[in-house]
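Q: Quick one, fold the following:
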Amino acid sequence: EIDELHDALDSVKEKVQTAIDKLNTEKSTVAAVRDALSDYEGTMLKHFQVEETTALPLMRAYFTPEEISVVQRKILEDAPENAMGALIYAMSPLMVPNSVV
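A: Next comes the predicted model:
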């Protein structure tokens with residue numbers, strides 16, 4: 001399921017990029033970007049849900065925190081500089097539906 005969601009994310013990211021590339025002053029192009037971003041958000045939220053309920057518990061059951069840390073560090077080293085800030089912002093209580101502030 002996670003691989004399917006990764007493939008879906010890649011597809012939706014391409015749609016977002018295509019919509020951005022076609023963006024101009026036409027109202028329809030702005031709507032296309034909005035719709036593509038909405039699809040991306042929905043797919044990403046599904047992805048987070050599966051990771052939180054399936055992948056992370058399995059990872060924690062079979063690997064030590066030290067083993068996990070090595071992989072996390074590598075992911076963060078390869079990520080864009082603003083990735084951590086974007087993730088923290090996206091996961092903040094104000095952005096996550098039904099969370100308590």
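Q: how close does the most centrally placed residue in the chain sit to residue 72?
A: By Cα atoms, centre = their mean, the mean C-alpha position of the chain lies nearest to residue 44, the distance being 4.4 Å. Separation of residue 44 from residue 72 (Cβ to Cβ, to the nearest Å): 19 Å. All C-beta spots, glycine's among them, are computed from the backbone N, C-alpha and C.
Q: what does residue 38 give?
A: Noted for residue 38: a distance of 29 Å to residue 72, by Cβ to Cβ.
Q: Go ahead and measure how far stretch 3-11 is from the middle of the chain.
A: Computed by Cα atoms, centre = their mean, to the nearest Å, the chain-centroid distance of stretch 3-11 equals 11 Å.
Q: ok, now stretch 60-78?
A: Using Cα atoms, centre = their mean, the offset of stretch 60-78 from its chain centre is 18 Å.
Q: which parts of it are buried?
A: Buried residues in stretch 60-78, counting neighbours by 16 or more other Cβ atoms under 10 Å, are absent.
Q: Now residue 64. Its backbone dihedrals?
A: The phi/psi pair for residue 64 (degrees, to the nearest 10) reads phi -80, psi 160.
Q: List the buried residues of the helix or strand bottoming out on mean pLDDT in the chain.
A: Least confident helix or strand of the chain, by mean pLDDT, DSSP states H and E, is helix 83-90 with a mean of 76. For helix 83-90, the neighbour count (16+ other Cβ under 10 Å) marks no residue as buried.
Q: send the alpha carbons of stretch 66-78 over as CSV?
A: Output of stretch 66-78 as CSV, limited to C-alpha atoms (Å, rounded to 0.1, in the frame of the first residue of the first chain):
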residue,chain,number,x,y,z
GLU,A,66,19.9,3.9,16.7
GLU,A,67,19.3,2.0,13.4
ILE,A,68,16.3,4.2,12.6
SER,A,69,18.3,7.4,13.4
VAL,A,70,20.9,6.5,10.7
VAL,A,71,18.2,6.3,8.0
GLN,A,72,16.4,9.4,9.2
ARG,A,73,19.7,11.4,9.2
LYS,A,74,20.4,10.3,5.6
ILE,A,75,16.9,11.3,4.5
LEU,A,76,17.2,14.7,6.1
GLU,A,77,20.7,15.2,4.6
ASP,A,78,19.3,14.6,1.1
